[in-house]
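*Asks:* structure here, sequence nowhere to be found:
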């Protein structure tokens, strides 16, 4: 028999299922109780409904009137990397451009150098500490990309770290192979060889690990062309990997159209997507993953037109893009606040963006992202009067407890476990 | 003899005094030691300098290589108030304007109603908990305005709370009388009477408390006119209060020129200040207090031209504007990050904005805001590799310890004291 756990005294249970008759508003049950059996949601309802069906449940977790939501899902991160780049933030604040910094050895290649020279053990330790930062804010599922190796050995080292995180950390990780992040310095004059290296050397090794469901390409001037992305996608398909693509970040490169053509599960960034691109995403059902933190942190004025995409029927997820260059923040709630204030999302849409729609972009919406019977009981308890308060008090971490793998714990006790 | 305390093993001691020959860059001493005597800074220098002059000091506080800066100073807040207004944030996200919300009973008057009906004891408890939030982020001096009473009794209740905070909380508080926040609903049709109430009834009572160094007026369409501000300033001068003014927030109302004319210590907001206004501030030496968090949180695109003001020689302070409507965040470091990314300040200017220039706006620059011999030893220890890291990792609280009143303490032990 499966172990049972009752989550009681829930002030507001935010199911994320749309409310009947109130377009876009989140489903909420006040004064609720939720029953976990094994690792899944067996039942939920009001306290009075629970009283009627009450039965003996050994373990009860009283959340003291807190708000319970699905675990947050961060569907675009570069969590695994060595080093930090606050010096570039300083230089940018003095007017240096990203291009000038990259030419002087900064940018992605700077993190590649740090990641290459860092031992597996150190890279695991750093990454595990960062994973704790996500977890302590209620983020229970995280996509992680490679792409700071750009050689066979380091890409595999990164994947090895991701696998060990998967096996040991309470967060659920999803690995994406991003060998095509940038062309590394040593291949600058022979980029065709690098694309060949990705397809012929890296990908078979990556596939053998059976770890990556996804393959990603940074499609942009200075990174990879659409044709290179097509070639990589073709190889990825052979190995059963679906595409997620970095597109239309610094200019319109018809990246959304490309994502649609390649039947990518997600098109990410999209700051400069065109109306045609939006229509292409709608048709293909590709999830638009917007990364407002990166636009904010780099001082950009041109956010992805998330409002318009939603209005046109595109599913929009919101993610941190956590990375050491353009958004060194793991804070998905603050990122959602940026989506609301700078992109014009409603608070309800922002919540959907970091739960149910993020799940859709990872192909796991049948399994998590909402509070529904039979789904995983991956839940967060917020110490807040309602579900809008955390984004309102952005920057203040109000995640108080999590439910994961059939077990509930207060986060202030996490490090004492 | 005064009690001595040595702060040792300082990785980087950020004095905030400009570096010689490097315009705008912060003064920093690496591998430093600082000696506190009583409540003041008696000496600081490198570890090797310390070894030469070393003497017995009973108490040593080893900061484990952390970064030590002056305590953060938040020079524009509305810390004391009851209630929260996430519901307005929700409505705004659905397209309601601030004006529509105010007409429906929201906005400042909503907080006024909550604050009026909250008992002194409850208001003190709420405010003290909020003060802890500031303190736990390294903010050691905070300006607090009244202005959610708008009647004699409630304005005095707010001041009573501020006095009790001053007497009991480790933060150093500075009170500002803001009876002229908005014209309260009951005076809408007799605004002259309300201005008379401020001048004739409130101000003498406020002055008798000997608590407020400052008087503030919200000069804006829908709030108070320049002439009303002049009348209030004239009365304030009689009672020895200097002016700080809310000006040019939603449109240009020649507010900076008014602040200059009234010899205000600060002109705050300034989103729409003109070049003439900037020139006026430069001439009068009035500190420009910019509040980027409020612009960010309300989705405004028009930030105060802080970059230009600095270039023209105006002293610029950066503050949270912490309040329940337009910026419900106490996080001064994140606010500084917004100043950098959205207003184009350098990281060094942002640091000056939350320390030495904020001190100047409160008239306490001779006493704090930099690490200098003889100044108060109000210090923060950041668990960070350098002073740029906290703004880079915005939203993550890296304040680890504070020095205050001759005593050092780790912040994770604060609640156990």
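*Replies:* The structure has been received and is ready for your questions. Owing to the predicted nature of the structure, the values given are computational and were not obtained by experimental measurement.
*Asks:* enumerate every residue touching residue A:304.
*Replies:* Residues near residue A:304 by CB atoms under 8 Å, 6 or more residues apart in numbering or on different chains: A:269, A:270, A:271, A:273, A:288, A:290, A:291, A:292, A:295, A:343. All C-beta spots, glycine's among them, are computed from the backbone N, C-alpha and C.
*Asks:* how many neighbours does the third one have?
*Replies:* Just to be clear, that refers to residue A:271. Neighbourhood size, residue A:271 [other CB atoms under 10 Å in any protein chain shown]: 21.
*Asks:* same question for the first one.
*Replies:* Burial of residue A:269, expressed as a neighbour count using other CB under 10 Å, amounts to 26.
*Asks:* give me the nearest residue to it, chain neighbours excluded.
*Replies:* Nearest non-adjacent residue to residue A:269, counting by CB to CB, 6 or more residues apart in numbering or on different chains: residue A:249, 3.9 Å away.
*Asks:* OK, contacts around the one you found?
*Replies:* Counting by CB under 8 Å, 6+ apart, residue A:249 makes contact with A:220, A:269, A:270, A:271, A:272, A:294.
*Asks:* what about these, which are in helices?
*Replies:* Cross-referencing the contacts of residue A:249 against helices under DSSP state H gives residue A:294.
*Asks:* quick one: the closest residue to chain B within the stretch 101-250 of chain A from residue A:384, how far?
*Replies:* Nearest to chain B, among the residues of the stretch 101-250 of chain A, is residue A:133, at 7.0 Å (CB to the nearest CB). Distance of residue A:133 to residue A:384, given as CB to CB, to the nearest Å: 20 Å.
*Asks:* same deal with residue A:167?
*Replies:* Distance from residue A:167 to residue A:384, by CB to CB: 33 Å.
*Asks:* who's more crowded, the two?
*Replies:* Comparing residue A:167 with residue A:384 by other CB under 10 Å, the one with more neighbours is residue A:384, at 24 against 8.
*Asks:* domain map for chain A?
*Replies:* A:4-70+A:370-416, A:72-361 (automatic domain parsing).
*Asks:* and the ones you listed, which one's lowest on average pLDDT?
*Replies:* Mean pLDDT per stretch puts domain A:4-70+A:370-416 lowest among these, at a mean of 92.
*Asks:* neighbours of the residue of the stretch 101-250 of chain A closest to chain B, how many?
*Replies:* With other CB under 10 Å as criterion, residue A:133 counts 17.
*Asks:* rewinding a little: which among the contacts of residue A:249 gets closest to chain B?
*Replies:* The shortest approach to chain B among those belongs to residue A:294, at 10.8 Å (CB to the nearest CB).
*Asks:* secondary structure of the residue of the stretch 101-250 of chain A closest to chain B: a helix, I assume?
*Replies:* Yes: the assignment for residue A:133 is a helix, going by DSSP: H, G, I helix; E, B strand; the rest coil.
*Asks:* could you give the number of residues near residue A:224?
*Replies:* Residue A:224 is flanked by 24 other residues according to other CB under 10 Å.
*Asks:* hmm, I was thinking of residue A:321
*Replies:* Using other CB under 10 Å, the number of residues around residue A:321 comes to 28.
*Asks:* name the SS class of it, please.
*Replies:* The three-state label given to residue A:321 by three-state DSSP is coil.
*Asks:* nearest spatial neighbour of it, skipping sequence neighbours?
*Replies:* Nearest residue to residue A:321, sequence neighbours excluded (CB to CB, 6+ apart): residue A:291, at 3.8 Å.
*Asks:* look up which residues are beta-bridged to residue A:45.
*Replies:* residue A:33 (DSSP bridges).
*Asks:* now it: how far from residue A:348?
*Replies:* Distance of residue A:45 to residue A:348, computed by CB to CB: 22 Å.
*Asks:* the more surrounded of these two?
*Replies:* Higher neighbour count among residue A:45 and residue A:348: residue A:348, with 23 against 15, using other CB under 10 Å.
*Asks:* for chain B, see how far away the more buried one is.
*Replies:* 8 Å (CB to the nearest CB, to the nearest Å).
*Asks:* also residue A:64?
*Replies:* Using CB to the nearest CB, residue A:64 is found at 17 Å from chain B.
*Asks:* grab the nearest non-local neighbour of that residue.
*Replies:* Excluding its sequence neighbours, the residue lying closest to residue A:64 (CB to CB, 6+ apart) is residue A:9, at 6.0 Å.
*Asks:* and the contacts of the strand or helix carrying residue A:159?
*Replies:* According to DSSP states H and E, residue A:159 maps onto helix A:152-168. For helix A:152-168, the surrounding residues in contact (CB under 8 Å, 6+ apart) are A:80, A:112, A:115-116, A:120, A:123-124, A:127-128, A:131, A:144, A:146-149, A:171-173, A:175, A:177, A:179, A:197, A:201-202, A:205-206, A:209, A:211-212.
*Asks:* what do you get for stretch A:85-93?
*Replies:* By CB under 8 Å, 6+ apart, stretch A:85-93 touches A:98, A:101, A:106-107, A:110-111, A:298-299, A:324-325, A:328, B:340, B:344-347, B:350, B:385-386, B:388-389, B:391-393.
*Asks:* so who does residue A:197 touch?
*Replies:* Per CB under 8 Å, 6+ apart, neighbours of residue A:197: A:152, A:179, A:187.
*Asks:* the helix or strand the second one falls within pairs with which strands?
*Replies:* By that I understand residue A:179. Using DSSP H and E, residue A:179 sits within strand A:172-180. Here strand A:172-180 is paired, per DSSP bridges, with strand A:139-145 (parallel), strand A:212-218 (parallel).
*Asks:* make TSV out of those strands and add mean neighbour count.
*Replies:* Formatted as TSV, those follow (neighbours: other CB atoms under 10 Å in any protein chain shown):
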stretch	mean neighbour count
strand A:139-145	27
strand A:212-218	26
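*Asks:* which one of the ones you listed lies closest to residue B:36?
*Replies:* strand A:139-145 (40.4 Å; CB to CB).
*Asks:* state the phi and psi torsions of the nearest residue to residue A:379 once chain neighbours are set aside.
*Replies:* For residue A:379, ignoring the flanking residues on the chain, the nearest one in space by CB to CB, 6+ apart is residue A:403 at 4.0 Å. With angles defined as degrees, to the nearest 10, residue A:403 sits at phi -120, psi 130.
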